[in-house]
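K.L.:
Sharing a model prediction with you, sequence too.
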Amino acid sequence: MAEQPTGLVETGEAIQALQAAFASLDVVETSLPEFFMREHRNIQAQHAALDAEYALRKKSLEEDYQGFQAEIKAKERALFWFKGREFKEAVDDALAEQPKSKKSKSVKFWGGKAGYRKTGTRIEVVNQKTATKWALENCLGALGVARTTPLKELFDAEGIIPDGCHVWPGEDKFYPALPKPRVFSASLAKGLLEK
């Protein structure tokens, strides 16, 4: 049941809004209690109908959103699949053409930046049981094998690769860095998806 309004309304605009809302009620010559209860029931039904409509539209909107996201991701995968290799070659050519004094690992294009980024060495626990056993036998500080940080610190400091772990060396990883997209209106975004 909805909360009963309390307090006095003091502004003229609020009083006019209340009068307009009351005028929209279906006033029939009946007793005040019957009239009040009927109208209150109708108002509650309107609330319930609005809530139900909202739930339906929200579900439909969520489904539309998921569908649009899938379309966008498919377009992105297709772009990388069909043109990614050519794009990488173009970036490599642009990097090779740079003067030796300006050797950079990235190139700025009109729509963003692309190039290579060095990734750090990382350690991965491939066998939890073996890594835990090794940590217990060798260094209690590395016991948090669910967290690889102590193991990585040990590897960085002493070059030790714990049993049950694999070290992935750092590498130059290719990337396109795009500027953050502008926020579009829903109608503009829909128009872009239809292209």
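P.N.:
Ah, there it is.
K.L.:
SS state for the residue nearest to the spatial centre of the chain?
P.N.:
By CA atoms, centre = their mean, the chain has its centre lying nearest to Gln69, at 10.8 Å. Assigned with DSSP: H, G, I helix; E, B strand; the rest coil, Gln69 falls in the helix class.
K.L.:
roughly how far apart are it and Leu151?
P.N.:
According to CB to CB, to the nearest Å, Gln69 and Leu151 sit 36 Å apart. Any C-beta I mention is one placed from the backbone N, CA and C, and that applies to glycine too.
K.L.:
Quick one: low-confidence residue ranges for this structure.
P.N.:
Scanning the chain for pLDDT under 70 picks out the ranges 1-12, 14-15, 17-19, 22, 24-30, 139-149, 177-195.
K.L.:
What residues of stretch 121-132 count as buried?
P.N.:
Buried residues in stretch 121-132, counted by 16 or more other CB atoms under 10 Å: Ile123, Val125, Ala131, Thr132.
K.L.:
Glu63: which of those is nearest?
P.N.:
Taking CB to CB as the measure, Glu63 lies nearest Val125 of those, at 39.1 Å.
K.L.:
Is it correct that that closest one is in contact with Asp163?
P.N.:
No. Look at Val125 against Asp163 with CB atoms under 8 Å: they stay out of range, at 10.3 Å.
K.L.:
Find the residues that touch each one of these two.
P.N.:
Shared contacts of Val125 and Asp163 (CB atoms under 8 Å, 6 or more residues apart in numbering): Ala131.
K.L.:
who are the neighbours of the one helix or strand Ala74 maps to, in terms of helices and strands?
P.N.:
For Ala74, the element it lies in under DSSP states H and E is helix 32-96. Applying 3 or more CB pairs under 8 Å, 6 or more residues apart in numbering; DSSP states H and E, one finds that helix 32-96 contacts strand 106-109, strand 112-118, strand 172-177, helix 186-194.
K.L.:
now the first one, how far from the centre of its chain.
P.N.:
Strand 106-109 sits 27 Å away from the centroid of its parent chain (CA atoms, centre = their mean, to the nearest Å).
K.L.:
what do you get for the third one?
P.N.:
Relative to the mean C-alpha coordinate of its chain, strand 172-177 is positioned 21 Å out (CA atoms, centre = their mean).
K.L.:
Neighbouring strands - and their directions - for that strand?
P.N.:
strand 112-118 (antiparallel) (DSSP bridges).
K.L.:
any idea how far the partner strand is from the chain center?
P.N.:
23 Å.
K.L.:
Same check on stretch 152-170?
P.N.:
Using CA atoms, centre = their mean, the offset of stretch 152-170 from its chain centre is 33 Å.
K.L.:
again, but for stretch 62-76
P.N.:
13 Å.
K.L.:
And it, what's buried?
P.N.:
For stretch 62-76, the neighbour count (16+ other CB under 10 Å) marks no residue as buried.
K.L.:
With only the CA atoms kept, save it in CSV.
P.N.:
Provided in CSV are the C-alpha atoms of stretch 62-76 (Å, rounded to 0.1, in the frame of the first residue of the first chain):
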residue,chain,number,x,y,z
GLU,A,62,18.2,-5.2,-21.3
GLU,A,63,17.7,-7.7,-24.1
ASP,A,64,18.2,-4.9,-26.7
TYR,A,65,21.3,-3.8,-24.9
GLN,A,66,22.7,-7.4,-24.9
GLY,A,67,21.9,-7.7,-28.6
PHE,A,68,23.6,-4.4,-29.5
GLN,A,69,26.6,-5.3,-27.4
ALA,A,70,26.9,-8.7,-29.2
GLU,A,71,26.7,-6.9,-32.6
ILE,A,72,29.4,-4.4,-31.6
LYS,A,73,31.7,-7.1,-30.3
ALA,A,74,31.2,-9.1,-33.5
LYS,A,75,32.1,-6.0,-35.6
GLU,A,76,35.2,-5.5,-33.5
